[in-house]
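**Q** this one's structure only:
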């Protein structure tokens, strides 16, 4: 049983663990550009100095050795032959089963988007935010996010709320909040609605309480060096943080894999690529059926990857009793001082008010999660 897993993110590493658990004797090959994992959720703490980049980079060599995984350092260029061949920068690799977890990419089509920092692009982006904040003596900070109109789930709203409230609290801690204006902007009139119907109202109330201005419900037009432009008007900003919507990985447009309107790999509720045998997808690369509130987040990626691994091994063993992954959204929106727990399932939304213990809990969870890969 020769299984290939593409990527080293949340979905990929969960797929490695679950595949090894379900198929102890399988040959597992992981293909990715680097043998490392980046813990994206804690990028929010780099501007305050609570975390440094090296705290969030985990070398996976020891983890792969423990899991008896062969690692190939290469970039994926295509998936062909009905999923049985992965074309890479280091040649072609055959498999009996494939799990695609290469992640997605941000849509950088808005005019002037180079003038905005996209925080979740990685450690350099978060470090740039820290450097810019440290160098500023005052001014306007604009923070917002967009989406992919053809793939409603493909957005990263949660981290932007965290950067928003985190920067507000950081400036207060430094005793210079009164020298800054902070503006939150979003094309949706009720940003954060997929987190639950009560969430947008609560978030906007929090912003008002903190003296954060809002510019909501206006379609984005673009940016200039110190300008945010929307159909509802434009406003000056000395620092712009903007998270655009997401689409599929860079290699996908050249592939014959089935694609959604939003440019992601179409899959079913078993995390199986539509029309492909023994080929699965998990995480940001996939477009999945389900409720309108489903989101791209690490927890969802883990749930999808668990079932992708389970169902792939079942398929390779000739079983057909495939298992559907669960739709569940769980996040702690961190404010640097407190945490706000939001959980959404088919049964409804749970929203807990800001709590210091939840901030501590998020830091403890980070430590526990990373420990397994060190």
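**A** Cool, the structure landed. Keep in mind that what you see is a predicted model, and the values were worked out from it rather than measured.

**Q** Pull out the buried residues from stretch 133-140.
**A** 133, 136, 140 (16 or more other C-beta atoms under 10 Å). For glycine as for every other residue, the C-beta is placed from the backbone atoms N, C-alpha and C.

**Q** possible to save these as TSV with distance to residue 309, pLDDT and secondary structure?
**A** TSV is the format used below for the buried residues of stretch 133-140 (distance: C-beta to C-beta, whole Å; pLDDT from 0 to 100; DSSP: H, G, I helix; E, B strand; the rest coil):
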residue	distance to residue 309	pLDDT	secondary structure
133	41	98	helix
136	46	97	coil
140	47	98	strand
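
**Q** quick one: which of these is nearest residue 203?
**A** Proximity of the buried residues of stretch 133-140 to residue 203 (C-beta to C-beta) peaks at residue 140, which lies at 20.1 Å.

**Q** list the contacts for the closest one?
**A** Residues in contact with residue 140 (C-beta atoms under 8 Å, 6 or more residues apart in numbering) are 180, 181, 182, 183, 235, 236, 237, 238, 239.

**Q** the longest helix in the chain is where?
**A** Ranked by number of residues, the top helix in the chain under DSSP state H is helix 298-316.

**Q** list the helices and strands that one packs on?
**A** For helix 298-316, the packing partners by 3 or more C-beta pairs under 8 Å, 6 or more residues apart in numbering; DSSP states H and E come out as helix 10-22, strand 97-100, strand 279-281, strand 329-334.

**Q** tell me the angle of the last one relative to helix 298-316?
**A** Put plainly, it is strand 329-334. Computed by axes from the mean of the first three to the mean of the last three C-alpha atoms, to 10 degrees, the angle separating strand 329-334 from helix 298-316 equals 150 degrees.

**Q** Given strand 329-334, what are its sheet partners and their directions?
**A** Take DSSP bridges as the rule and strand 329-334 pairs in its sheet with strand 339-345 (antiparallel).

**Q** What are the neighbouring residues in contact with residue 169?
**A** Applying C-beta under 8 Å, 6+ apart, the residues near residue 169 are 335, 336, 337.

**Q** which of the contacts of residue 140 sit farthest apart?
**A** Checking the contacts of residue 140 with C-beta to C-beta, the most distant pair is 180 and 235, at 14.3 Å.

**Q** all helices of this protein, in order?
**A** Using DSSP H, helices in the chain cover 10-22, 53-56, 61-66, 123-135, 158-173, 199-209, 298-316, 356-371.

**Q** and these, which one is worst for confidence?
**A** Note on the helices of the chain: helix 199-209 shows the lowest mean pLDDT, a mean of 92.
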